[in-house]
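*Asks:* Sequence isn't available, so here's the structure alone:
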């Protein structure tokens, strides 16, 4: 049986990925930074603070060999240029870029030959965001994807990413005004927002497609074309 690790399994996309992969007969392990969700010591669930190197290193000793690591953790855009501050910017980079990078470094020996790593970028990396730190972090995810694909390709480990548009029923979507939601739909050719299941299906495709690495797959209903 294949075994994957979902970093951020309790988020909207993380839950969808766990459900989809489990239905395919894949064992899903997960991490969360919320200690209250882990107090019952659920089997296959581990604490991970992406801002803490000790937490990242401690995870290595708890895990078996893995067929994939899927990074679903995230920090929502929340600060405009005028409102942003160094703490917010550093948290955004730690959650989306630095933390995942050091998780890959720490778990490098746990990823099987031929395995995969999948990140989540965003349409914001191409079109921008009202939160500059969010767009910067998601752009960095794309550079990290291609860099690690080169680095780990010698072990036949594939590294790819998806870039969703606005994902329906996520905290970001729920927090938007109705006018803002409708504006997103107007800019979407298929007139349908991306769902967490859409993301899970794309992630499964990238995990099972053995001839793709260093690639970014856009899932946005036609809001953006290109690489």
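*Replies:* All right, it came through fine. This structure is a prediction, so every number in the text was calculated from the model and none was measured. Residues are numbered from 1 along each chain as shown.
*Asks:* Could you give the separation of stretch 23-37 from the chain centroid?
*Replies:* Centre-to-centre, stretch 23-37 and its host chain are 14 Å apart (C-alpha atoms, centre = their mean, to the nearest Å).
*Asks:* Mind listing what's buried along it?
*Replies:* 26, 28-33 (16 or more other C-beta atoms under 10 Å). Every residue, glycine included, has its C-beta placed from N, CA and C.
*Asks:* same check, this time on stretch 212-222
*Replies:* Across stretch 212-222, burial judged by 16+ other C-beta under 10 Å covers 212-221.
*Asks:* nearest to residue 150, of those?
*Replies:* Checking these against residue 150 with C-beta to C-beta, the nearest one is residue 214 at 7.1 Å.
*Asks:* doesn't residue 218 fall inside a strand?
*Replies:* Yes - counting by DSSP: H, G, I helix; E, B strand; the rest coil, residue 218 is found in a strand.
*Asks:* Can you tell me the closest non-neighbouring residue to it?
*Replies:* Nearest residue to residue 218, sequence neighbours excluded (C-beta to C-beta, 6 or more residues apart in numbering): residue 163, at 5.1 Å.
*Asks:* Quick check: the one you found touching residue 121?
*Replies:* Yes - applying C-beta atoms under 8 Å as the test, residue 163 and residue 121 come out as touching, 4.2 Å apart.
*Asks:* what do those two both touch?
*Replies:* Shared contacts of residue 163 and residue 121, defined by C-beta atoms under 8 Å, 6 or more residues apart in numbering, are found at 138, 142, 216.
*Asks:* Including pLDDT, could these go into CSV?
*Replies:* CSV is the format used below for these (pLDDT from 0 to 100):
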residue, pLDDT
138, 97
142, 97
216, 96
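*Asks:* same question for the longest strand belonging to the chain, mean pLDDT?
*Replies:* Counting residues, the longest strand found in the chain (DSSP state E) is strand 111-120. For strand 111-120, mean pLDDT is 97.
*Asks:* just stretch 88-108 next, same as before
*Replies:* For stretch 88-108, the mean pLDDT works out to 97.
*Asks:* and for it, what are the contacting residues?
*Replies:* Here stretch 88-108 has contacts from 5, 7, 48, 50-51, 53, 56-57, 59-60, 63, 66, 69, 71, 73-75, 78-79, 117, 119, 131, 133-134, 136-138, 140-141, 144, 148, 152, using C-beta under 8 Å, 6+ apart.
*Asks:* Quick check: helices, which of those are part of them?
*Replies:* Counting by DSSP state H, the contacts of stretch 88-108 place 53, 56-57, 59-60, 133-134, 136-138, 140-141, 144, 148, 152 in helices.
*Asks:* Would you mind writing the PyMOL command to select the buried ones in these?
*Replies:* Burial among these is assessed by 16+ other C-beta under 10 Å; the matching PyMOL selection reads:
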select buried, resi 56+59+133+134+136+137+138+140+141+144+148+152
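*Asks:* Which two of the buried residues of stretch 212-222 have the greatest separation?
*Replies:* Using C-beta to C-beta, the pair of the buried residues of stretch 212-222 lying farthest apart is 213 and 221, separated by 25.4 Å.
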